[in-house]
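>>> Test case, fold it:
(chains A and B)
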Amino acid sequence: MTDTVLSRLNQSLHSVMESDGRVYLLGEDILDPYGGAFKVTRGLSTKFPERVLTTPISEAAIMGVANGMALRGLRPVAEIMFGDFVTLIADQLINHAAKFRWMYNDNVRVPVVVRAPMGGHRGYGPTHSQSLEKLFLGIPGLNVVAPNTLGDPGALLQAAIADNDPVLFVEHKLLYTRPLLESGRGDLVEFEIEKSGKIYPNYILRIPNHIPQLTIASYGYNFELARAAALELLMEHEIFSELILFSQLSPIDLDPLFDALKKTRKLLTIEEGTLSLGWGAEVITRVVEGSSDSNSYKFRRVAARDLPIANSRILEEAILPSVDDIVQSALSLVS
Amino acid sequence: MRQWNAHIHKLNQKHIFPLRYNGPVMDNNYALFKTMLLIRRFEERLLDEFSAGKLVGTTHTYIGQEADAAGIFSVVDPEDVIFSSHRCHGHFLAYGGEAYRLAAELMGKATGLVGGRGGSQHIQWRNFYSNGIQGGIVPVATGMALAEKVQQTGKIVLVFIGDGTLGEGILYESLNIAALWSLPILFVLENNGYAQTTPVEKGVAGSMAGRFSTFGIPVWECRSSDVLEIIPNAQEAVGHVRNEIGPGCLILQTHRFSAHSKGDDLRTQEELSRIRAFDPLKIHGLRLTEEERSRADIEVKGIVEDAFLRAEADLSPLLKTAD
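Coordinates of the predicted model:
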């Protein structure tokens, strides 16, 4: 059976809990037989009953307790059932987890991971569909990481657990059932892939033997849309795109982007959070500031409209970014 | 002193960890007085330094509440974990922290407890932590108690809150979890009657003790600024948390003589003189001879003078480019 993002995340929790007795899981409804709202923690409470702690509906306390555990020698992994509820843990992430190390002059480390299923397209309505990670980008001391179907999500989660600093691990709900991509097969047939050697890797996908006309930057689930759009641009419009996929959103490392843009001079950013003041805005600003000839560059952002996410399927799809939105923005960039 | 009689027998039998003061407490009268006097003089000096413009920012003094810290820290184990609040200087000095490192931190010096990064409200040394967010420290301390419990270190956690903290929802989430998971944490509630400028009557409805007992957390309450009345309560509350490996609460009714921070004291002179009658130094000082009191005064003066003079001469930190 093909591995999915969900199965890899689940397997990696099994293996890391097996090998490291300091790893604890905390979250709401994570015990078997339910195994968590999205089943990422399935089987773990049966295997490690002492180290899988089901909690009351108290997101702020879940995060705070995890912070305290991390300060005193454990490696907690907290689950926030819906990423929308990260607003409830904001104080614990910003004023506690992210600050302790620096504020205490490196006397302490806070190896805590908080997993948060984000994202829409599931008809869950305004408060269970958002991609709120943009609110936590640029917080000093906090790493924000998102798995995708290209890298190994399990390895990424293990890297986050091994990280001595706090990590917000953003899992898009639609990724869970997605199969992992295999190099040289399926969608990837058209691409050659370059991986940069970071803890949280970045990937560049190119169509071999063609000069790319456009760079598309994305992360998480929106890499699925970006890839579909790139294939459509190739097949329908003979436009060659280069895809850059980030695993780490913050702190931001745009090295692969600078090299790519020297060739394409056109950047399209894709995110599912709302358009204004988001990830794409920061990426583009950094590119403008950091490139000597950015005057000749062109930019577009594809993101959710600046509206709450509607419950109605029709409205929800109109609000969230789509493959067609990406194709149309790409066409306007290269025209 | 609720539950004192019910628990004392059990405590004597189940005592695993030696308490620091397990002899007759009267033997330690001098040490207790000196601890309280150090807190008092340190913070008076601090306020002077602010007035003289040598310190910037803000501070929250503990003047008037010294018996709480002196009493509690005379019964906790030196390895226990402490999470203190914005009003942390008294706790830190009673914990055994060095006045000089604290003074350097307040002055923003590289030699400060956290290199000048934290300042008055955000310090860390050994197993002592503080943060300036009301209530936010409580779940963190609760998680620490979980870590100490599962790692079987025998340590307990003390977290300091005030009457103002009772307004924060996160406190109640933490109490629930501490009780559900039977965590070795003592919630120390110092009720000084004011949340900044808001009197407790305008900020707290219902019973303070009831907030804890409704979660099944046993409460010890002491309405005194006499350190010798605080100690047995603290001893029993700490002993309960350690021996039962479960949460407890110690409520200390106290009085803050100075402003919440600086320049925000709206209380009348009558009110201030009324509460000054509860001065823990005066109450406990009567148990010392005049010779002992003046010896303590000289020793403490030396510590405070040395702390501030050395700290003032120290270098300021530099922002490293790697930061």
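>>> can you tell me which residue is nearest the centre of chain B?
B:His91 (3.5 Å; Cα atoms, centre = their mean).
>>> ok, it to A:Ile309 distance?
Computed with Cβ to Cβ, to the nearest Å, the distance linking B:His91 and A:Ile309 is 46 Å. Bear in mind the C-beta positions are built from the backbone N, C-alpha and C, glycine included.
>>> related to what we said a few turns ago, isn't the residue nearest to the centre of chain B right up against B:Val159?
No: taking contacts as Cβ atoms under 8 Å, B:His91 lies outside contact range of B:Val159: 10.5 Å.
>>> what's the overlap in contacts for these two?
B:82, B:84 (Cβ atoms under 8 Å, 6 or more residues apart in numbering or on different chains).
>>> in stretch A:302-317, what counts as buried?
A:302-304, A:309-310, A:316 (16 or more other Cβ atoms under 10 Å in any protein chain shown).
>>> what's the span of it from first residue to last?
14 Å (Cα to Cα, to the nearest Å).
>>> and it, average pLDDT?
Here stretch A:302-317 scores 97 as its mean pLDDT.
>>> which residues of chain B score low on pLDDT?
Flagging of chain B using pLDDT under 70 yields the residue ranges B:1-27, B:321-323.
>>> if we go to 90?
In the predicted model of chain B, residues B:1-28, B:51-59, B:193-197, B:257-277, B:320-323 satisfy pLDDT under 90.
>>> those strands in it, which residues are they?
Using DSSP state E, the strands of chain B run over B:81-84, B:124-125, B:128-130, B:157-162, B:185-191, B:194-195, B:198-199, B:219-222, B:248-253.
>>> could I get these as TSV with mean neighbour count?
Putting the strands of chain B into TSV (neighbours: other Cβ atoms under 10 Å in any protein chain shown) gives the following:
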stretch	mean neighbour count
strand B:81-84	26
strand B:124-125	20
strand B:128-130	24
strand B:157-162	27
strand B:185-191	26
strand B:194-195	20
strand B:198-199	15
strand B:219-222	22
strand B:248-253	24
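>>> Chain A: which of the ones you listed is closest?
Of all these, strand B:124-125 sits nearest to chain A, with 3.8 Å by Cβ to the nearest Cβ.
>>> do the closest one and chain A meet at all?
Yes: for strand B:124-125, a contact with chain A is found by Cβ under 8 Å from any Cβ of the partner chain, at B:124-125.
>>> picking that back up, out of the strands of chain B, which is closest to A:Pro212?
Among the strands of chain B, strand B:124-125 comes nearest to A:Pro212, with 49.8 Å by Cβ to Cβ.
>>> Mind listing residues that contact that closest one?
A:100, A:103-105, A:107-108, B:92, B:97, B:101, B:113-114, B:118, B:130.
>>> can you map out the strands along the stretch 151-300 of chain A?
Along the stretch 151-300 of chain A, counting by DSSP state E, counting those that start in this stretch, strands occupy A:167-172, A:192-195, A:202-206, A:214-219, A:241-246, A:248-250, A:266-274, A:298-304.
>>> Just put those in a markdown table and tack on distance to B:Gly135.
Listed next are these as a markdown table, based on distance: least, Cβ to Cβ, whole Å:
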| stretch | distance to B:Gly135 |
| --- | --- |
| strand A:167-172 | 22 |
| strand A:192-195 | 44 |
| strand A:202-206 | 39 |
| strand A:214-219 | 34 |
| strand A:241-246 | 35 |
| strand A:248-250 | 26 |
| strand A:266-274 | 29 |
| strand A:298-304 | 33 |
